[in-house]
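please work out how this folds:
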Amino acid sequence: MIESKYLKDNLANINRLYAIPAFKGIETKDLGQLLKICKIRQYADGEKIIEEGGNDPWLYFIMAGKVQVFKKGIVIHTFNKVGDIFGEKRFLDNFTRAETVSSDGKTICLAIDTSAKARIGPEAAADRLVKILYLIIAEFLSVRLREANEKLIKCKMENIVLRAKLEDLTS
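The predicted structure is shown next:
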């Protein structure tokens, strides 16, 4: 992994954040505060970003490339769109990491250090950023839940078809 220092509140870095769809509607002042707890991380192909069972505080947004999410060694999802979020469950529930995430090709991420709220400044500013992150994550989780429901329905329908075929074969 190649990692930047914490980002500075400047126009170039704010524009980097505006390139991520989730940040388009956020005020420049808030993005400037957010930059204080952000780093840019670049990963080589196959490099682990998150390890199942870990307890690091980082929340990630894809800036370029893609990642694969593994549970017990099985790929359960691929994220490949600019702005896709991963690592959010640890931010929300403070449990250990539920999955392993690895880069699939060269990948660049915005990494947010959710444990570094003191770097932001006044408590009110930190609280405001936490609320903004919760809103962004809630939108993404809603989309993911809808996708998961569609996959579940597809699996259940396939199961019904396979059971019927199995019954035909055993009758």
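
and the closest residue to residue 24 other than its chain neighbours, backbone torsions?
Distance criterion Cβ to Cβ, 6 or more residues apart in numbering; nearest residue to residue 24, sequence neighbours excluded, is residue 18 at 6.1 Å. Any C-beta I mention is one placed from the backbone N, CA and C, and that applies to glycine too. When quoted as degrees, to the nearest 10, the phi and psi of residue 18 stand at phi -60, psi -20.

for burial, what's the neighbour tally of residue 18?
For residue 18, the neighbour count with other Cβ atoms under 10 Å is 14.

quick one: it from residue 138, how far?
Here residue 18 is placed at a distance of 20 Å from residue 138 (Cβ to Cβ, to the nearest Å).

the residue nearest to residue 24 and residue 26: what is the separation?
Distance from residue 18 to residue 26, by Cβ to Cβ: 8 Å.

residue 100 now?
Residue 100 is 30 Å from residue 26, where distance means Cβ to Cβ.

next: residue 81.
According to Cβ to Cβ, residue 81 stands 18 Å off from residue 26.

between the two, who's got more neighbours?
In this view residue 81 and residue 26 are compared by other Cβ under 10 Å, and residue 26 has more residues nearby, 18 against 8.

need phi/psi at the more buried one.
Torsion angles, degrees, to the nearest 10, at residue 26: phi -90, psi 140.

which residues touch it?
17, 34, 132 (Cβ atoms under 8 Å, 6 or more residues apart in numbering).

can we see that at 7 Å?
residue 132 (Cβ atoms under 7 Å, 6 or more residues apart in numbering).

hey, which helix is longest across this structure?
In the chain, with assignment by DSSP state H, the single longest helix is helix 123-170.

and the gap between the closest residue to residue 121 other than its chain neighbours and residue 15?
Closest residue to residue 121 apart from its sequence neighbours, by Cβ to Cβ, 6+ apart: residue 33 at 6.9 Å. Separation of residue 33 from residue 15 (Cβ to Cβ) stands at 16 Å.

who has more neighbours, these two?
Neighbours were tallied for residue 33 and for residue 15 using other Cβ under 10 Å; the higher tally belongs to residue 33 (20 against 11).

which SS class is that one?
Look at residue 33: counting by DSSP: H, G, I helix; E, B strand; the rest coil, its state is helix.

how far away is it from residue 89?
For residue 33, the distance to residue 89 equals 24 Å [Cβ to Cβ].

got it, and residue 43?
Look at residue 43 and residue 89: by Cβ to Cβ, they are 20 Å apart.

more neighbours: which of these two?
With neighbours defined as other Cβ under 10 Å, residue 43 and residue 89 compare such that residue 43 has more, 22 against 16.
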